[in-house]
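Visitor: just coords:
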């Protein structure tokens, strides 16, 4: 079995502190957070979900929620890039979809360094595939396998990926759709540095252009007429990413506590933290975050236990948790005013980052529409 780093689940606070030391600089320069990912890998957090059948720890969704909350607290760009790799390993542990030689290669690389994976699905014309449609990216058959050409956008961590799982269609009749496993160092891949975002700036979610990229004949996953996503996969995405942004909100809350204790207006003569109004506002923030965190954690535990209802409820939990996270940081910003929105304040960075929770699938409008249809059915 591959000798992977042991997940240090008892040292998550330490990891979060280490990541937070570089988070502001990573954000300011919008640079790929290589050092932070190295730290997360060294503590075994990028491979925690590798299945026990592959020699891994086999961490479930509840442990992954804990990991992503702490990574999100420290540096959410590290957390988002790492989440894609954690989700890949978790899916493989539940059901072997990657052909064995390619997954074994990923594990071999993961024993030596952060070996990163992400699924590239979104395209300029298509938008998010969760709303339907067929990719424009094409895989053409040749004597040696496939030749892949196309354009993907919002490819989180693109510059640092070892494997790109590319959603594409074939030229068959009828058309087949599936994922093609592409090595990050393959000839014909060009990364365009288009990412200039309000938040998660260090995630480097750039465009990737594929031009006649060679892919082995057997390096495919789920190739067929339809590639449905599983409900459990959606639960991992919904609850895992919710935890990430709750970590961001918790970092904002801690910044606020420090500010309120340190700020002593001359007209008051004592810290703002002593004012009943400030105490009530912090109470509102804590109440919202405590409930959201407990909701996400409880559903993750239940999902690990095979509770199908918890899996179904995970999308609604994402809506609730991310709204709580955004609301908590907005309340902190309103309470602090200009001091929270200056460029040298960590609070403005947390505010920009937490707003990104809205863009992840499933998005708010899709969640409420599906929930409403189910209630009315």
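Guide: Sure, I can see it. Note that the coordinates shown come from a computational prediction; the quantities given were computed from them, not determined experimentally. Numbering: from 1, shown residues only.
Visitor: for the stretch 151-300 of the chain, just list every one of the helices.
Guide: For the stretch 151-300 of the chain, helices defined by DSSP state H, counting those that start in this stretch occupy the ranges 231-262, 276-304.
Visitor: between the ones you listed, which one is closest to residue 100.
Guide: When the helices of the stretch 151-300 of the chain are compared by Cβ to Cβ, helix 231-262 sits nearest residue 100, at 20.4 Å. Where you see a C-beta, it was placed from the backbone N, CA and C, and this is true even at glycine.
Visitor: mind listing what's buried in the closest one?
Guide: When neighbours are counted by 16 or more other Cβ atoms under 10 Å, the buried residues of helix 231-262 are found to be 232-253, 255-257, 259-260.
Visitor: for stretch 197-213, what is the average pLDDT?
Guide: Model confidence over stretch 197-213 averages 98 on the pLDDT scale.
Visitor: now it, how far from the centre of its chain.
Guide: Computed by Cα atoms, centre = their mean, to the nearest Å, the separation of stretch 197-213 from the middle of its chain amounts to 14 Å.
Visitor: and the end-to-end length of it?
Guide: 28 Å (Cα to Cα, to the nearest Å).
Visitor: again, but for stretch 256-269
Guide: Counting by Cα to Cα, the length from the leading to the trailing residue of stretch 256-269 is 19 Å.
Visitor: tell me where the chain has strands.
Guide: Taking DSSP state E, the strands of the chain run over residues 117-120, 138-142, 145-155, 163-170, 177-183, 189-192, 206-216, 220-224.
Visitor: and the helices of the stretch 151-300 of the chain: which comes nearest residue 205?
Guide: Of all the helices of the stretch 151-300 of the chain, helix 231-262 sits nearest to residue 205, with 13.8 Å by Cβ to Cβ.
Visitor: relative to helix 276-304, how tilted is that closest one?
Guide: 160 degrees (axes from the mean of the first three to the mean of the last three Cα atoms, to 10 degrees).
Visitor: how far does helix 231-262 sit from the chain's center?
Guide: Between the centre of helix 231-262 and the centre of its host chain there is 12 Å, according to Cα atoms, centre = their mean.
Visitor: mind giving me the packing neighbours of it?
Guide: Here helix 231-262 touches helix 61-74, helix 76-94, helix 276-304, helix 308-336, helix 338-341, helix 346-355, going by 3 or more Cβ pairs under 8 Å, 6 or more residues apart in numbering; DSSP states H and E.
Visitor: how about 10 Å then?
Guide: With contacts defined as 3 or more Cβ pairs under 10 Å, 6 or more residues apart in numbering; DSSP states H and E, helix 231-262 has these neighbours: helix 12-29, helix 61-74, helix 76-94, helix 276-304, helix 308-336, helix 338-341, helix 346-355.
Visitor: which one of those lies nearest to residue 164?
Guide: Here helix 76-94 is closest among the helices and strands packed on helix 231-262 (Cβ to Cβ), at 10.6 Å.
Visitor: bridging residues for the nearest residue to residue 188 once chain neighbours are set aside?
Guide: Excluding its sequence neighbours, the residue lying closest to residue 188 (Cβ to Cβ, 6 or more residues apart in numbering) is residue 213, at 4.0 Å. For residue 213, the beta-bridge partners are residue 148 (DSSP bridges).
Visitor: residue 213 is in contact with residue 152, isn't it?
Guide: No. With contact taken as Cβ atoms under 10 Å, residue 213 and residue 152 are classed as non-touching, separated by 11.7 Å.
Visitor: who has more neighbours, those two?
Guide: Counted by other Cβ atoms under 10 Å, residue 213 and residue 152 do not tie: residue 152 has more neighbours, with 26 against 21.
Visitor: now do the contacts for that one.
Guide: For residue 152, the contact set (Cβ atoms under 10 Å, 6 or more residues apart in numbering) comprises 118-124, 126, 135-137, 158, 164, 166-168, 206-210.
Visitor: now which of those residues would you call buried?
Guide: Among these, the ones that count as buried by 16+ other Cβ under 10 Å are 118-123, 126, 135, 137, 158, 164, 166-168, 206-208, 210.
Visitor: what touches both of residue 213 and residue 152?
Guide: With contacts defined as Cβ under 10 Å, 6+ apart, the residues adjacent to both residue 213 and residue 152 are 164, 166.
Visitor: hmm, back to that, make JSON lines out of the helices and strands packed on helix 231-262 and add mean neighbour count and distance to residue 217.
Guide: Putting these into JSON lines (neighbours: other Cβ atoms under 10 Å; distance: least, Cβ to Cβ, whole Å) gives the following:
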{"stretch": "helix 12-29", "mean neighbour count": "17", "distance to residue 217": "39"}
{"stretch": "helix 61-74", "mean neighbour count": "26", "distance to residue 217": "33"}
{"stretch": "helix 76-94", "mean neighbour count": "25", "distance to residue 217": "20"}
{"stretch": "helix 276-304", "mean neighbour count": "17", "distance to residue 217": "36"}
{"stretch": "helix 308-336", "mean neighbour count": "21", "distance to residue 217": "35"}
{"stretch": "helix 338-341", "mean neighbour count": "14", "distance to residue 217": "54"}
{"stretch": "helix 346-355", "mean neighbour count": "23", "distance to residue 217": "41"}
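Visitor: for residue 78, which non-adjacent residue is spatially closest?
Guide: Nearest-residue entry for residue 78: residue 36, 3.9 Å, with adjacent residues in sequence omitted and distances by Cβ to Cβ, 6+ apart.
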